[in-house]
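Student: Generate coordinates for the sequence data below:
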Amino acid sequence: MTMAYLPAATRRSSDLSKHAAEVFAEAEDHPVTVTRRDGESLVLMSQREAEARAGLLNFAAQLITVTLEDGGTLAERMSKPFPWMLALSPADRTTCAHELVDAARASFATDQPHLAIAELTSWQETAVAIAAGLRSVDVDWLDGGDVVARP
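Tutor: Numbers count the residues shown, from 1 in each chain. Model prediction:
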């Protein structure tokens with residue numbers, strides 16, 4: 001079994017003192033394990049990365065709570081912690097619920113928190129737009145003056 005959330009890059013603590021700018025630049029791209037001779041290894045990551053992981057864990061906690069509740073469909077149970085879902089049509093609530101669960105599973109499986117957070121944000125912003133009175137309209141996609149199918 002592989003451990004999720006372990007940084008791919010490892011640096012010695014001496015690298016941090018001798019080549020701080022290089023190590024910091026690497027940590028802006030992805031978490032870096034800093035090994036120490038005299039203590040436990042540490043992980044250096046950007047604030048953005050830490051917040052994304054915390055957001056994913058918070059989202060996961062809400063999903064676990066929803067799955068443990070009795071009664072109602074998944075969409076009905078998810079509308080409690082995510083009341084903005086009530087702005088969606090019943091069919092869209094069902095689609096939203098399943099897509100959020102799938103995105104969370106993909107995030108955990110691939111160690112990519114942004115997958116679930118982006119899906120959650122997208123659905124929430126859609127619900128807000130609908131609540132504000134913005135409705136979908138048919139759009140003709142144009143390519144050189146010809147109407148083409150939506151990509």
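Student: Would you map out the domains in the protein?
Tutor: Per automatic domain parsing, the structural domains of the chain span 9-44, 47-131.
Student: among the ones you listed, which is the most enclosed?
Tutor: domain 47-131 (a mean of 16; mean count of other Cβ atoms under 10 Å). For glycine as for every other residue, the C-beta is placed from the backbone atoms N, C-alpha and C.
Student: Could you tell me how far that one lies from the centre of the chain?
Tutor: Its chain's C-alpha centre and that of domain 47-131 lie 9 Å apart, by Cα atoms, centre = their mean, to the nearest Å.
Student: Between the two ends of it, how far is it?
Tutor: 32 Å (Cα to Cα, to the nearest Å).
Student: what does the average pLDDT come to for that domain?
Tutor: Across domain 47-131, the average pLDDT comes to 93.
Student: and residue 133, that one's in a helix?
Tutor: No: Residue 133: not assigned to a helix; according to DSSP: H, G, I helix; E, B strand; the rest coil it is coil.
Student: ok, it to residue 87 distance?
Tutor: Residue 133 sits 11 Å away from residue 87 when distances are taken as Cβ to Cβ, to the nearest Å.
Student: ditto for residue 130
Tutor: 5 Å.
Student: Make CSV from the domains of the chain and add distance to residue 138 to it.
Tutor: Converted to CSV, the domains of the chain look like this (distance: least, Cβ to Cβ, whole Å):
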stretch, distance to residue 138
domain 9-44, 42
domain 47-131, 16
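Student: Quick check: closest non-adjacent residue to residue 66.
Tutor: Nearest residue to residue 66 in three dimensions, chain neighbours excluded: residue 77, at 4.6 Å (Cβ to Cβ, 6 or more residues apart in numbering).
Student: what about stretch 83-92, start to end distance?
Tutor: End to end - Cα to Cα - stretch 83-92 spans 14 Å.
Student: doesn't residue 28 fall inside a strand?
Tutor: No: judged by three-state DSSP, residue 28 forms no part of a strand; its state is helix.
Student: Before I go, just wanted to say thanks for your time.
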